[in-house]
Each structure stands twice: as structure tokens, then as C-alpha cells.
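Novice: Got a sequence here, can you build the structure:
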Amino acid sequence: MRRYAVVIERGENNFSAYVPDLPGCITTGKTVEEIERNIREAIELHLEGMVEDGDPIPEPTTSVSYVDLQVA
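Specialist: Purely as a prediction, here's the structure:
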């Protein structure tokens, strides 16, 4: 099992998500819940396509962290 980091961003009218370790693996949606479903499907399809093309499946290398700051 591999665990890929997903970045979710809020746009003006929707959300988008991408996987830094899988270039080109992106999706959009109206809610975070929709994005979570869509990105899982996008990752699965992306990896299936890589296997079909004979490309190696990349190991996840991206990590995420948060920095808490108090803003004046």
C-alpha cells in the first residue's frame, strides 16, 4: 500500500486537488467531500494508466506539515 499526499485548494467557485508525486493527477469539485472522492478515483485511474503504459509507479516522497502562527 502506498500513501500519496494530496493538496486541496479552494478556488473562487470550487475546489481543486492534485498529487505532487503524480504529475498530471488533478481533479476539481464543488465540495471537499466531492474532491476526496474524485481524487481517489483520479489516483486509481492514473496508476492504472501507468501500469498499462509500462511506466514505473513512483514511490510517495512528498510529506505535508503545517505551521501555526499567531497573526496580529
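
Novice: Only C-alpha atoms from now on, for both contacts and neighbour counts.
Specialist: Will do.

Novice: where does the chain have low pLDDT?
Specialist: Under the criterion of pLDDT under 70, none of the chain is flagged as low confidence.

Novice: Tell me where it has strands.
Specialist: In the chain, the strands defined using DSSP state E lie at 7-10, 15-18, 26-29.

Novice: what would those strands look like in CSV with mean neighbour count and distance to Gly54?
Specialist: What follows is those, written out as CSV (neighbours: other C-alpha atoms under 10 Å; distance: least, C-alpha to C-alpha, whole Å):
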stretch, mean neighbour count, distance to Gly54
strand 7-10, 14, 26
strand 15-18, 20, 22
strand 26-29, 20, 21
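
Novice: Take those strands and write them to CSV, including distance to Arg40.
Specialist: What follows is these, written out as CSV (distance: least, C-alpha to C-alpha, whole Å):
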stretch, distance to Arg40
strand 7-10, 12
strand 15-18, 10
strand 26-29, 10
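
Novice: looking at the ones you listed, which is closest to Leu47?
Specialist: Between Leu47 and these, the tightest spacing by C-alpha to C-alpha is seen for strand 26-29, at 12.7 Å.

Novice: tell me the contacts of Pro58?
Specialist: With contacts defined as C-alpha atoms under 8 Å, 6 or more residues apart in numbering, the neighbours of Pro58 are 21-22.
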